[in-house]
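Asks: Make a model of this:
(2 chains)
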Amino acid sequence: MTEVKNDTSQVVLSASAVCKEFPVQGKPAVKALDQVTLAAHKGAVTGLVGADGAGKTTLIRIAAGLLIPTAGKVTLLGLDSVEDSLEIQSRVGYMPQKFGLYQDLSVMENMNLYADLQGVAMGERKERYGRLLEMTDLARYTKRRAGALSGGMKQKLGLACALIKSPELLLLDEPTVGVDPVSRRELWKIVYELVEKDGIGVFVSTAYLDEAERCDHVLVLHQGKLMAEGAPEKFTATMKGRVCLVTPSQKISGRGLYTRLAGSRGVVDTTIRSGRVRAVLGAADPSVLHAVLGGLDAEVEVVEPHFEDAFMAMIPRGHDHVEVVSEVAPDNAPTHAAKSSDALVHTHDLGKMFGDFAAVKNLSFSVKRGEIFGLLGPNGAGKSTTFRMLCGLLPASSGEIQVAGHDLLKSRAQARARLGYMAQQFSLYGQLSVAENLSFFGKVYGLYGKKLKERIGWAYNEFSLGDWRDTSAFGLPGGYKQRLAMAAALLHEPDILFLDEPTSGVDPFARREFWLRINGFAEQGVTVVVTTHFMEEAEYCDRMLIMSQGETLAMGTPAEIRDLAKSPQNPRPTMDDAFICLAEGRVPVSQHGNGGE
Amino acid sequence: MDSLRRILALVMKEFVTILKDPKSRFVIIGPPIIQFFVFGYAATYDLENVRYAVFDESRSALSRELIAGVEGSGKFRLTGYLEDERQVAEFIDQEKARLVIHIGSDFEKQLQVSKPVLVQVIADGRNPNVALIALGYLGTIVQDYNKSLVERGLVQLSGPGLQLVERSWFNENLRSRWFIVSALGGLISMVVVMILTSLSVAREREFGTFDQLLVAPFTPGEILIGKSLPGIVFGLLDALIFAAGAVYWFAVPFRGTIAALVVSLLCFIVAIVGIGLLVSSLSMTMQQGLLGAFLFIMPAVTLSGLATPVENMPMWLQQADLLNPVRYIIVALRNIFLEGADLYMVWPYVWPLLIMSCVNLPLAAWMFRHRAV
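Replies: Okay, here's the model as predicted:
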């Protein structure tokens, strides 16, 4: 990778003391950016990482000339972002989070449209298109409607459109959100190619912390302030000796270990990776783990740190970050194997057609009581469609569904009373206050009087929503909205919890908090069916099903799925590796499905 | 009991969302009041201040008397006294006058020898309604004038002394305001109810909250009741307020029974709620819901008989109009207000509304769950 030069002539983007405030009615203005000073160089990938609401998108939108900074100045290619925005637009490529593709136009028509808008000369187009189509591997699909492309292909087309006029600088705002691992890898390949061959500068924001390691230079934004910057190696170097992998033993399951470590003093971050618990310590002193793990025979191994570990250790956890309290101690909880093995959710040959488009094909699986079952796959894989059919929101075109012995579309209303549902988008009543929302959903599920009061009190406690009780749901900050949605779904103590993309659009902190909670509920015997497009989250599931374009790629426990990608070169593959293997067809199809019967 | 609690929770929620949202609050209060007064004052066929000009070649005492009669009626306003025949065209073409009264030079002479005499009236036919009504007024004035001539002995009655005496029943002075205002309550409440209900399911679909209701242990019937009640309550309230406004503000007589009024309005509003919820349950977004509501409102009002008589429409349209709920309520309301109808007399207009409710409401409830998303 190119070495970053400190030569000022190589600077393609610089921000000096940039501030941006958004006025809020009746409250002090929100500081989205606070005195941010940074630079990005030619021939390098500069990554912008940070939690949700850190100010990443605001900064990129200012650079693209779409927002005017409250104070300070952003210069691109020597041009001022406010005064020279017209010239900037012709020399800088910008790809927003949701690129404005015209869904009803074909791939080629979209490219023509953007070429027209950017004023690309007719003579140059043929060569340019050829290069872009080859780079994005879209040449075969030029006649296809943009709306009919998969999520990853849409992003690639968006990138092609942003690159239509050979920009000198490329601004990318979270280009890989909701994109499957294969497409993510391809998108990064394109970015590297541009940097290496054309020598342009790329300024990219990302929510995937593993992508930060692919950048030449990383900027960490937190609550509008630049917290740290440097090469990724600089970040990981400080973490040496502070990252341990703990292997579960006979005495404690991976999940029990995870719950126990998550609340321990001296442990700043815990995740489940490839079946083992990855713990990030506050200091390079593994002895704190021994105190927690005493007598459990769990093996501790110090491993190489990743950028993510550094990030999680660096960002201070604010007072709004609650410690999750699980009601049942993990040790007392029944182990998963001991639970009854009857299938609570069962589908057979499930299919769904929209017109002549098959969104879901021949899906068969079953979920046992007390399991966390994950439906994984990129956007557009058919997860949500499957999910809506399970919940009785969408009629199936073929096959059979049973949830707790009923087809919810046809069954009596009471069959749904034991079900908790959390939709993909925030779907509570925005005008109603937190208290009114909880009270409404409680009453809907037959809670009243003392019991209702007790459960709402529980929700206030468990999700720290008490202080917000009179705030309207629309007025809640993102993370609290998600908590409220979850509280509403859990108020009536359901046996089965359906969660549709609960972690999409949620920052790494909220995601960890969320999984810790789910873990707690599963320990209490709640059956959880969850969809996600984050492959690494599969580690938290007992079993899972990977989907792609409506078809089942594989099903089994996380270990079984990972093993599919096992090879001499890659003895400990990740979920991403497994998905890529499956998507590329390197694993024989006959091998999957054995975990489901 | 559980079911009742769920419905109660849903109804409460519906009311709170409508009353908390400034836009919804406005829909219930603002436009209906504006419409009530706009319709009440503006929508009238009665003419006032009709511009007219006189081309009086007779210039006699009798011709001046006739013109004084026109002037004294209060319906006409003189805009010019013409000297020349050519000016007639100018006045009509440039809309300086809607009517020109041309009195011939032999007007007085002929009258004095009791011969029939013609007074020419040139009317601007570009707006036929105005022209016809104004000509009607003039006819009355000329008739009165004739009568006075005979009474004063100035002219001998030539024909048989037969006179046509017109008298309109129920609306003695043919005040078109009575005709329109008495039916306004139904019309305006329909608009309010259509907008409220057509948005109610569509809003929840757009925000994703409808899924939340569908996965909850609600039966479609329970959702239907919860969704209908606010529309019925607000619609009926609006309609009754406007009925009172018609009586106390516009002084329209109320000759029927309160029971007939409440029952027919209630049945009408339930029928409209059925249509509104059907539209809403078919819509995925609020925009679609609102569009659907207007798609219904426009033809329903045009074909309702509020402004133009249903009898004037072609037969096939009249038959199609049997499906238009607004048509029934307008006739029912007029009968109650002006004719003094009681419950028994409005029954023929109430039962078709009941049938419509019985079809639309269950259809809407079925659509809640079966609208493929």
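
Asks: Near chain A, which residues of the stretch 101-250 of chain B are found?
Replies: For the stretch 101-250 of chain B, the residues found near chain A under the criterion Cβ under 8 Å from any Cβ of the partner chain are B:207-209, B:211-219, B:222. Any C-beta I mention is one placed from the backbone N, CA and C, and that applies to glycine too.

Asks: In JSON lines: the residues you listed, plus secondary structure.
Replies: As requested, those are arranged in JSON lines below (DSSP: H, G, I helix; E, B strand; the rest coil):
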{"residue": "B:F207", "secondary structure": "helix"}
{"residue": "B:G208", "secondary structure": "coil"}
{"residue": "B:T209", "secondary structure": "helix"}
{"residue": "B:D211", "secondary structure": "helix"}
{"residue": "B:Q212", "secondary structure": "helix"}
{"residue": "B:L213", "secondary structure": "helix"}
{"residue": "B:L214", "secondary structure": "helix"}
{"residue": "B:V215", "secondary structure": "helix"}
{"residue": "B:A216", "secondary structure": "coil"}
{"residue": "B:P217", "secondary structure": "coil"}
{"residue": "B:F218", "secondary structure": "coil"}
{"residue": "B:T219", "secondary structure": "coil"}
{"residue": "B:E222", "secondary structure": "helix"}
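
Asks: Next, work out how far apart the residue lying closest to A:T142 once chain neighbours are set aside and A:L132 are.
Replies: Using Cβ to Cβ, 6 or more residues apart in numbering or on different chains and skipping residues adjacent in sequence, the residue nearest A:T142 is A:M108, 4.3 Å away. A:M108 sits 11 Å away from A:L132, going by Cβ to Cβ, to the nearest Å.

Asks: neighbours around whatever residue of the stretch 201-350 of chain B ends up closest to chain A, how many?
Replies: Distance from chain A to each residue of the stretch 201-350 of chain B (Cβ to the nearest Cβ) is smallest for B:G208, at 3.3 Å. Applying other Cβ atoms under 10 Å in any protein chain shown, we find 15 residues neighbouring B:G208.

Asks: now swap in A:V246 and tell me
Replies: A:V246 has 25 nearby residues by other Cβ under 10 Å.

Asks: For chain A, which residues score under the pLDDT cut-off?
Replies: In the prediction, chain A carries residues with pLDDT under 70 at positions A:1-9, A:24-27, A:178, A:316-341, A:379, A:478, A:504-505, A:586-597.

Asks: Residue most distant from the centroid, it?
Replies: Within chain A, the residue lying farthest from the chain centre (Cα atoms, centre = their mean) is A:G123, at 41.4 Å.

Asks: before we move on, which element is it in?
Replies: Here A:G123, judged by DSSP states H and E, is contained in helix A:122-136.

Asks: now swap in A:A15 and tell me
Replies: strand A:11-24.

Asks: That strand packs against which elements?
Replies: Where contact means 3 or more Cβ pairs under 8 Å, 6 or more residues apart in numbering or on different chains; DSSP states H and E, strand A:11-24 is packed against strand A:27-41, helix A:56-63, strand A:71-76, strand A:201-206.

Asks: Starting from the third one, tell me which strands it pairs with and how they run.
Replies: When you say that, I think you mean strand A:71-76. Here the strand partners of strand A:71-76, with direction, are listed using DSSP bridges: strand A:11-24 (antiparallel), strand A:79-80 (antiparallel).

Asks: relative to strand A:27-41, how tilted is that strand?
Replies: Orientation note: strand A:71-76 sits at an angle of 30 degrees relative to strand A:27-41 (axes from the mean of the first three to the mean of the last three Cα atoms, to 10 degrees).

Asks: Pull out the buried positions in strand A:71-76.
Replies: Judged by neighbour count using 16 or more other Cβ atoms under 10 Å in any protein chain shown, the buried positions of strand A:71-76 are A:72, A:74-76.

Asks: B:T209 touches A:F426, doesn't it?
Replies: No - in this structure, B:T209 sits apart from A:F426 without contact. The criterion is Cβ atoms under 8 Å, and the distance is 9.5 Å.

Asks: among the residues of the stretch 101-250 of chain B next to chain A, which ones are buried?
Replies: B:207, B:209, B:211-219, B:222.

Asks: Dump the residues you listed into a markdown table; add pLDDT and distance to A:L484 as well.
Replies: Rendered in a markdown table, the data for those read as follows (pLDDT from 0 to 100; distance: Cβ to Cβ, whole Å):
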| residue | pLDDT | distance to A:L484 |
| --- | --- | --- |
| B:F207 | 84 | 14 |
| B:T209 | 87 | 13 |
| B:D211 | 86 | 16 |
| B:Q212 | 87 | 12 |
| B:L213 | 87 | 17 |
| B:L214 | 86 | 20 |
| B:V215 | 86 | 17 |
| B:A216 | 86 | 16 |
| B:P217 | 86 | 21 |
| B:F218 | 87 | 21 |
| B:T219 | 86 | 26 |
| B:E222 | 90 | 24 |
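
Asks: Tell me which two of these sit farthest apart.
Replies: Checking those against each other with Cβ to Cβ, the farthest-apart pair comes out as B:F207 and B:T219, at 22.1 Å.

Asks: burial count for A:T531?
Replies: When neighbours are defined as other Cβ under 10 Å, A:T531 has 26 of them.

Asks: next one: phi and psi at it?
Replies: phi -110, psi 150 (degrees, to the nearest 10).

Asks: returning to what we had before: quick one: secondary structure of the residue nearest to A:T142?
Replies: A:M108 carries the three-state label helix when classified by three-state DSSP.

Asks: Neighbour count for A:M108 and A:L132, which is higher?
Replies: Set side by side, A:M108 and A:L132 give different neighbour counts by other Cβ under 10 Å, the larger being at A:L132 (21 against 16).

Asks: In CSV, list the C-alpha atoms belonging to the one helix or strand A:T386 maps to.
Replies: Using DSSP H and E, A:T386 maps to helix A:383-390. Once non-C-alpha atoms are left out, helix A:383-390 reads as follows in CSV (Å, rounded to 0.1, in the frame of the first residue of the first chain):
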residue,chain,number,x,y,z
LYS,A,383,-34.8,-12.9,4.9
SER,A,384,-37.5,-10.3,5.5
THR,A,385,-39.9,-12.0,3.2
THR,A,386,-39.4,-15.3,5.1
PHE,A,387,-39.8,-13.4,8.3
ARG,A,388,-43.0,-11.8,7.3
MET,A,389,-44.4,-15.1,6.3
LEU,A,390,-43.5,-16.6,9.7
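
Asks: Pull out the buried residues from the helix or strand that comes right after it.
Replies: Scanning forward in sequence from helix A:383-390, with DSSP H and E defining helices and strands, the next element found is strand A:398-403. The neighbour-count check on strand A:398-403 (16+ other Cβ under 10 Å) flags A:399, A:401-403 as buried.

Asks: Please name every helix or strand in contact with the next helix or strand after strand A:398-403.
Replies: Taking DSSP H and E as the definition, the helix or strand that follows strand A:398-403 towards the C-terminus is strand A:419-422. With contacts taken as 3+ Cβ pairs under 8 Å, 6+ apart, strand A:419-422 sits against helix A:478-490, strand A:496-500, helix B:209-215.

Asks: Which strands or helices does the first one pack on?
Replies: Here helix A:478-490 touches strand A:419-422, helix A:434-444, helix A:449-462, strand A:496-500, helix A:508-523, going by 3+ Cβ pairs under 8 Å, 6+ apart.

Asks: Please produce a markdown table containing these, extended by mean neighbour count.
Replies: As requested, those are arranged in a markdown table below (neighbours: other Cβ atoms under 10 Å in any protein chain shown):
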| stretch | mean neighbour count |
| --- | --- |
| strand A:419-422 | 24 |
| helix A:434-444 | 24 |
| helix A:449-462 | 15 |
| strand A:496-500 | 23 |
| helix A:508-523 | 21 |
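
Asks: Reformat the ones you listed as TSV; add distance to A:L38.
Replies: What follows is those, written out as TSV (distance: least, Cβ to Cβ, whole Å):
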stretch	distance to A:L38
strand A:419-422	37
helix A:434-444	38
helix A:449-462	39
strand A:496-500	37
helix A:508-523	21
